[in-house]
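Novice: Provided below are the primary sequence and the corresponding predicted coordinates.
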Amino acid sequence: MQAEYVVVGAGSAGCAVAYRLAEAGKRVLIIEHGGSDWGPFIQMPGALSYPMNMARYDWGFRTEPEPHLDGRRLAVPRGKVIGGSSSINGMIYVRGHARDYDHWRDQGAAGWGYADVLPYFKRLESWDDGGHGGDADWRGRSGPLHVTRGRRDNPLTRAFVEAGRQAGYPVTDDYNGHQQEGFGPFDMTVHGGERWSAAKAYLRPALKHDNCTLVRALARRVVIEEGRATGVEVDIDGRTEMIHTENEVILAASSINTPKLLMLSGIGPAAHLTEHGIDVICDRPGVGRNLQDHLELYIQAAASQPVSLFRYWSLLGKAYVGARWLLSRSGPGASNQFESAAFIRSAAGIDYPDIQYHFLPIAVRYDGQAAAEGHGFQAHVGPMRSRSRGAVTLRSGDPADAPRIVFNYMSHEEDWADFRNCIRLTREIFAQPAFAPYFAHEIQPGADTQSDEALDAFVREHVESAYHPCGTARMGAADDPEAVVDPQTRVIGVERLRAVDSSIIPRITNGNLNAPSIMIGEKASDHILGRDPLAPDNSKPWIHPDWQNAQR
């Protein structure tokens with residue numbers, strides 16, 4: 001088998017790249033180990049807690065014992081299905097803040113400042129505000145990815161935004177537009193009551209072209225001859241085969257599997273590769289390093305009125321939600337129920353938000369375990385720019401072995417101070433008059449958990465990943481010894497090989513990562529095709545006019 005371009009991974013970025021290359025008339029072959037995304041557990045937005053906990057759809061990665069979290073091993077869900085993690089995620093759509101991308105540019109990723117990437121965000125979107133306002137001039141209307149908003153029918157969802165206003169924070173109509181900072185409605189990748197994954201937006205349209213092929217296989221390594229990628233060795237139905245490329249191999253296998261494949265192919269820290277019996281083709285010490293993520297806590301409260309989604313949590317209630325969705329793609333199952341958000345600054349002197357909130361009108365975990373107290377609500381809260389860094393390394397030279405993953409979570413003292421601040425700010429928001437008709441008492445951390453030491457203990461026991469791993473094949477200047485890809489997404493030191501996914505993110509963006517990952521695929525496709533980039537958009541984002549002196 002061969003094609004002009006071989007794309008490894010049909011996830012968020014890989015689907016976007018394949019679509020744009022096929023649209024341009026190139027012969028594209030996509031390698032994907034995962035299976036079909038058919039079925040209500042993926043397609044029904046309200047069922048989001050199921051696919052990321054199913055071995056059928058998830059790679060099942062876990063961290064090694066995290067040294068600063070009492071040796072806890074945290075889940076690292078990554079999609080093993082067409083659409084990748086966009087088929088198992090929470091469908092939250094967040095571009096990130098303009099300053100995130102200007103930081104990328106200033107750290108060596110030339111051409112990736114906010115003015116450079118904003119046109120690609122517009123190109124990928126088909127945005128519908130549902131009549132709830134927003135910044136139309138900042139949004140795209142005709143892209144492949146449908147982005148919508150929930151109805152915000154639940155009074156708790158509306159109370160969260162009002163409580164933020166009462167606490168002195170701004171209200172924003174569109175955090176993906178002119179003003180990220182503040183409280184307002186959440187965007188979601190849902191269309192017609194169904195999850196709108198990268199598989200729906202990009203992969204299926206790409207496969208309608210005769211020049212695009214999907215192959216179900218496990219990628220073992222990139223074959224490199226005389227410093228050039230010539231193909232990918234794969235396992236198909238128990239046999240090993242070679243898929244040849246005429247032009248390039250594009251790794252889009254996730255921030256976990258892309259560095260793993262690079263190392264299995266002889267690209268990475270030389271001593272580590274030698275340790276596992278792998279011939280060193282290109283000594284790139286940055287491969288696997290710079291691993292980042294967002295952590296979050298659930299601050300939960302019991303509700304004094306039966307207004308939460310808990311009324312659907314019985315077997316009969318879930319049957320009602322499922323039946324209504326199956327018959328009409330409507331009702332609670334047609335939303336991810338994350339319909340209100342907030343982005344705030346933790347202190348004066350910070351120029352753009354460093355805390356994100358997801359509000360949910362039920363007290364429940366991502367694994368689907370509801371609070372024992374019945375009706376309730378919660379805010380998922382966490383800092384956005386931790387200094388902690390980890391690594392993805394090989395467990396062995398066997399492609400079938402999962403890699404070792406250590407995030408080194410909470411390894412900086414600032415992380416602990418940041419989470420204490422997050423908890424205290426959230427308590428202040430829940431204490432506003434808007435929640436007075438609904439707030440009964442705090443479930444967790446609990447009213448008795450007040451001291452720094454008690455809060456730290458709660459964090460250590462309960463903090464969880466927000467599932468935003470990135471950074472393990474960092475983009476930077478070609479002469480940067482820690483960079484893995486250059487600003488054209490080319491792997492430094494190897495010809496005809498690129499990495500195009502969340503692994504190339506230099507520093508984690510402010511919010512969920514699906515939107516930036518798709519944007520990376522969109523922009524990289526123009527680099528691959530040798531096209532001029534889209535013209536910069538110099539629209540200026542809102543920054544609090546007194547950020548130096550005021551926290552809100």
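Specialist: Ah, there it is.
Novice: quick one, helices of this structure?
Specialist: Secondary structure of the chain (DSSP state H): helices at 12-23, 40-43, 98-106, 114-124, 155-166, 198, 204-207, 254-264, 270-275, 315-328, 413-430, 452-462, 514-529.
Novice: which one of those lies closest to residue 405?
Specialist: Nearest of the helices of the chain to residue 405, taken as C-beta to C-beta: helix 254-264 at 6.6 Å. In short, each C-beta sits where N, CA and C put it, glycine included.
Novice: on that earlier part again, got the helices of the chain as TSV, with mean pLDDT columns?
Specialist: Formatted as TSV, these follow (pLDDT from 0 to 100):
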stretch	mean pLDDT
helix 12-23	98
helix 40-43	96
helix 98-106	98
helix 114-124	98
helix 155-166	98
helix 198	98
helix 204-207	98
helix 254-264	98
helix 270-275	98
helix 315-328	96
helix 413-430	98
helix 452-462	98
helix 514-529	98
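Novice: pLDDT wise, what is residue 72 at?
Specialist: On the pLDDT scale, residue 72 is placed at 97.
Novice: that one touches residue 62, doesn't it?
Specialist: No. Judged on C-beta atoms under 8 Å, residue 72 makes no contact with residue 62 at a distance of 9.9 Å.
Novice: which residues are in contact with the residue lying closest to residue 537 once chain neighbours are set aside?
Specialist: In space, and not counting its chain neighbours, residue 537 is closest to residue 118: 4.3 Å by C-beta to C-beta, 6 or more residues apart in numbering. Residue 118 makes contact with 98, 138, 536-537, 539, according to C-beta atoms under 8 Å, 6 or more residues apart in numbering.
Novice: low-confidence regions, this structure specifically.
Specialist: Applying pLDDT under 70 to the chain picks out residues 132, 366-372.
Novice: 50 instead, please
Specialist: Scanning the chain for pLDDT under 50 picks out nothing.
Novice: where is the longest strand in it?
Specialist: For the chain, the strand that runs over the most residues, judged by DSSP state E, is strand 239-251.
Novice: pairing partners for it, with directions?
Specialist: Each strand paired with strand 239-251, and its direction, by DSSP bridges: strand 2-8 (parallel), strand 228-236 (antiparallel), strand 497-499 (parallel).
Novice: export those to a markdown table and append columns for distance to residue 27 and mean neighbour count.
Specialist: Formatted as a markdown table, the strands paired with strand 239-251 follow (distance: least, C-beta to C-beta, whole Å; neighbours: other C-beta atoms under 10 Å):
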| stretch | distance to residue 27 | mean neighbour count |
| --- | --- | --- |
| strand 2-8 | 4 | 24 |
| strand 228-236 | 14 | 20 |
| strand 497-499 | 17 | 28 |
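Novice: just tell me which of those strands ends up closest to residue 517.
Specialist: Of all those, strand 497-499 sits nearest to residue 517, with 12.1 Å by C-beta to C-beta.
Novice: coming back round to it: and the longest strand of the chain, what's buried?
Specialist: 243, 245, 248-251 (16 or more other C-beta atoms under 10 Å).
Novice: now stretch 161-170
Specialist: For stretch 161-170, the buried set under the neighbour-count rule, 16+ other C-beta under 10 Å, comprises 161-164, 166-167, 169-170.
Novice: how far off centre is that stretch?
Specialist: Remark: stretch 161-170 is offset 27 Å from the chain centroid, using C-alpha atoms, centre = their mean, to the nearest Å.
Novice: do the same with stretch 202-216
Specialist: The answer for stretch 202-216 is 24 Å, by C-alpha atoms, centre = their mean.
Novice: convert it to PDB, retaining C-alpha atoms only.
Specialist: Extracted C-alpha coordinates of stretch 202-216, given in PDB (Å, rounded to 0.1, in the frame of the first residue of the first chain):
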ATOM      1  CA  TYR A 202     -13.700  16.000   8.600                       C
ATOM      2  CA  LEU A 203     -13.100  12.300   8.200                       C
ATOM      3  CA  ARG A 204     -16.300  11.100   6.700                       C
ATOM      4  CA  PRO A 205     -16.300  14.000   4.100                       C
ATOM      5  CA  ALA A 206     -12.700  13.200   3.300                       C
ATOM      6  CA  LEU A 207     -13.500   9.500   2.800                       C
ATOM      7  CA  LYS A 208     -16.100  10.400   0.200                       C
ATOM      8  CA  HIS A 209     -13.200  11.400  -2.100                       C
ATOM      9  CA  ASP A 210     -11.700   8.500  -4.100                       C
ATOM     10  CA  ASN A 211      -8.300   9.700  -3.100                       C
ATOM     11  CA  CYS A 212      -8.700   9.100   0.600                       C
ATOM     12  CA  THR A 213      -8.400   5.700   2.300                       C
ATOM     13  CA  LEU A 214      -8.800   4.600   5.900                       C
ATOM     14  CA  VAL A 215      -6.700   1.600   7.100                       C
ATOM     15  CA  ARG A 216      -7.400   0.000  10.400                       C
END
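Novice: contact partners for residue 98?
Specialist: Contact analysis of residue 98 by C-beta under 8 Å, 6+ apart lists 114, 118, 352, 541.
Novice: make it 10 Å
Specialist: Applying C-beta atoms under 10 Å, 6 or more residues apart in numbering, we find residue 98 in contact with 113-115, 117-118, 178, 180, 352, 510, 539-543.
Novice: same check on residue 5?
Specialist: In this structure, residue 5 makes contact with 17-18, 21-22, 26-30, 212, 245-250, 496, 498, 525, 528-529, judged by C-beta under 10 Å, 6+ apart.
Novice: quick check: closest non-adjacent residue to it.
Specialist: Once flanking residues are discounted, residue 5 sits nearest to residue 28: 5.0 Å by C-beta to C-beta, 6+ apart.
Novice: so that neighbour makes contact with residue 17?
Specialist: Yes. Here residue 28 reaches residue 17: they are 8.3 Å apart, a contact under C-beta atoms under 10 Å.
Novice: those two - which one has more neighbours?
Specialist: Set side by side, residue 28 and residue 17 show more neighbours around residue 17, with 32 against 26, by other C-beta atoms under 10 Å.
Novice: now that one: how far from residue 201?
Specialist: 13 Å (C-beta to C-beta, to the nearest Å).
Novice: give me the common contacts of the two.
Specialist: Common neighbours of residue 17 and residue 201 are listed as residue 518 (criterion: C-beta under 10 Å, 6+ apart).
Novice: so who does the residue of the chain most remote from its centre touch?
Specialist: Residue distances from the centre of the chain (C-alpha atoms, centre = their mean) peak at residue 226, which lies 35.7 Å from the mean C-alpha position. Neighbour list for residue 226: residue 495 [criterion: C-beta under 10 Å, 6+ apart].
Novice: over to it: give its phi and psi.
Specialist: The phi and psi torsions at residue 226 (degrees, to the nearest 10) take the values phi 50, psi 40.
Novice: how far away is it from residue 278?
Specialist: Per C-beta to C-beta, residue 226 is found 18 Å from residue 278.
Novice: count the neighbours of the closest residue in space to residue 113 that isn't next to it in sequence for me.
Specialist: Leaving aside its sequence neighbours, residue 113 sits nearest to residue 105 (C-beta to C-beta, 6+ apart; 3.7 Å). Residues lying near residue 105 (other C-beta under 10 Å) number 18.
Novice: and the helices of the chain: which comes nearest residue 400?
Specialist: With respect to residue 400, and counting by C-beta to C-beta, the nearest of the helices of the chain is helix 254-264 at 10.7 Å.
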